[in-house]
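Novice: the sequence isn't on hand, but the structure is:
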């Protein structure tokens, strides 16, 4: 038997996980098309390799912060806000006429495609594990 407070807590945590995983799956389906539109299809293998190193870096920062005095739930809020800022910035930059999707000339030097790809990859690796910790 759960108390009403425990049921509310379980509901909030369930909804948080639902929206986090749902958002990730939506972003995951967009990462390759965005990278292809901005940088071209030939950079996908390089982006996959780069994303491994980016994820390793983010996980190293996460582990370093775990060893600090920051509580785990506060660490979840910190990383969640950082990703919120990153993805909000990416959304606005993708609407820009020269660096965004309106510029239909792909170039491997368009950094926004690389940032988008690596941000989505690191979000999927870090935030779900942060939620469970």
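Specialist: That came in fine, so what should we check first? The shown structure was predicted, so the numbers you read here are calculated from the model rather than taken from an experiment.

Novice: which residues does stretch 85-104 contact?
Specialist: Residues outside stretch 85-104 that contact it (Cβ atoms under 8 Å, 6 or more residues apart in numbering): 27, 34, 37, 38, 110, 112, 115, 116, 119, 123. C-betas here are computed from N, CA, C, even on glycine.

Novice: quick one, helices of the chain?
Specialist: All helices of the chain, identified by DSSP state H, fall at 4-39, 44-66, 72-94, 111-132.

Novice: and these, which is most packed in?
Specialist: helix 111-132 (a mean of 19; mean count of other Cβ atoms under 10 Å).

Novice: contact partners for the residue located most distally from the centre of the chain?
Specialist: Distance from the C-alpha centroid of the chain peaks at residue 1, with 36.6 Å (Cα atoms, centre = their mean). Residue 1 sits next to no residue when contact means Cβ under 8 Å, 6+ apart.

Novice: returning to what we had before: let me have the helices of the chain in JSON lines, extended by distance to residue 101 and mean pLDDT.
Specialist: JSON lines is the format used below for these (distance: least, Cβ to Cβ, whole Å; pLDDT from 0 to 100):
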{"stretch": "helix 4-39", "distance to residue 101": "6", "mean pLDDT": "95"}
{"stretch": "helix 44-66", "distance to residue 101": "17", "mean pLDDT": "95"}
{"stretch": "helix 72-94", "distance to residue 101": "5", "mean pLDDT": "95"}
{"stretch": "helix 111-132", "distance to residue 101": "9", "mean pLDDT": "92"}
